[in-house]
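A.B. asks: what's the 3D shape of this:
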Amino acid sequence: MQIHPLDPASATPPSEQLRLQIAARAASGDLPTGTRLPTVRALAAELGVAVNTVAKAYRTLENDGVVTTEGRRGSTISGASADARAAAAAYVATARRLGLSLPEAGRLVEESW
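C.D. replies: Presented below is the predicted three-dimensional model:
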């Protein structure tokens, strides 16, 4: 699994950059359900960041339901991203049935967020 380098000049903390990257790839299907993530230590070494940075990102992803961690067995992408895609597809079908445009449907999602 290839993780893109983090931007040290960004105002976004490195753990959040990593969390956003993994969550987006899981949601898009680029990281399908069951994909094993690198160990915290291995990914920290690869990215040149502290172990706690990766651990924080993984904990947040687990709390968000994106990742499942099974102790020494490691962390994998959970089925939550598939659930999110199914919910999005159902919403799109309903919005279209109601005659909403994409901007109108998006505005409703943003208001509910």
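
A.B. asks: Which parts of the protein are strands?
C.D. replies: Ranges of strands in the chain, per DSSP state E, are 67-69, 75-77.

A.B. asks: Packing partners of the first one?
C.D. replies: Okay, so that is strand 67-69. Counting contacts by 3 or more C-beta pairs under 8 Å, 6 or more residues apart in numbering; DSSP states H and E, strand 67-69 packs against helix 51-63, strand 75-77. To be clear about C-beta, it is placed using only N, CA and C from the backbone, and glycine gets the same treatment.

A.B. asks: coming back round to it: mean neighbour count and mean pLDDT for the strands of the chain - can I get that in CSV?
C.D. replies: Below are the strands of the chain laid out as CSV (neighbours: other C-beta atoms under 10 Å; pLDDT from 0 to 100):
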stretch, mean neighbour count, mean pLDDT
strand 67-69, 20, 92
strand 75-77, 21, 94
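
A.B. asks: Could you dump those strands into CSV and include distance to Val51?
C.D. replies: As requested, these are exported to CSV (distance: least, C-beta to C-beta, whole Å):
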stretch, distance to Val51
strand 67-69, 15
strand 75-77, 14
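
A.B. asks: Kindly report the domain assignment for this structure.
C.D. replies: Domain ranges of the chain: 1-78, 80-113, per automatic domain parsing.

A.B. asks: how near is the residue of the chain most remote from its centre to Gln2?
C.D. replies: Ranked by distance from the centre of the chain (C-alpha atoms, centre = their mean), the top residue is Gly99, with 30.3 Å. Per C-beta to C-beta, to the nearest Å, Gly99 is found 42 Å from Gln2.

A.B. asks: got the buried residues for stretch 38-45?
C.D. replies: Neighbour-count burial for stretch 38-45 flags Pro38, Val40, Leu43, Ala44 (criterion: 16 or more other C-beta atoms under 10 Å).

A.B. asks: unless I'm mixing things up, Glu62 is touching Thr68, no?
C.D. replies: Yes - assessed by C-beta atoms under 8 Å, Glu62 is found in contact with Thr68 at 6.9 Å.

A.B. asks: Return every residue with contacts to both of these two.
C.D. replies: Common contact partners of Glu62 and Thr68 (C-beta atoms under 8 Å, 6 or more residues apart in numbering): Ser75.
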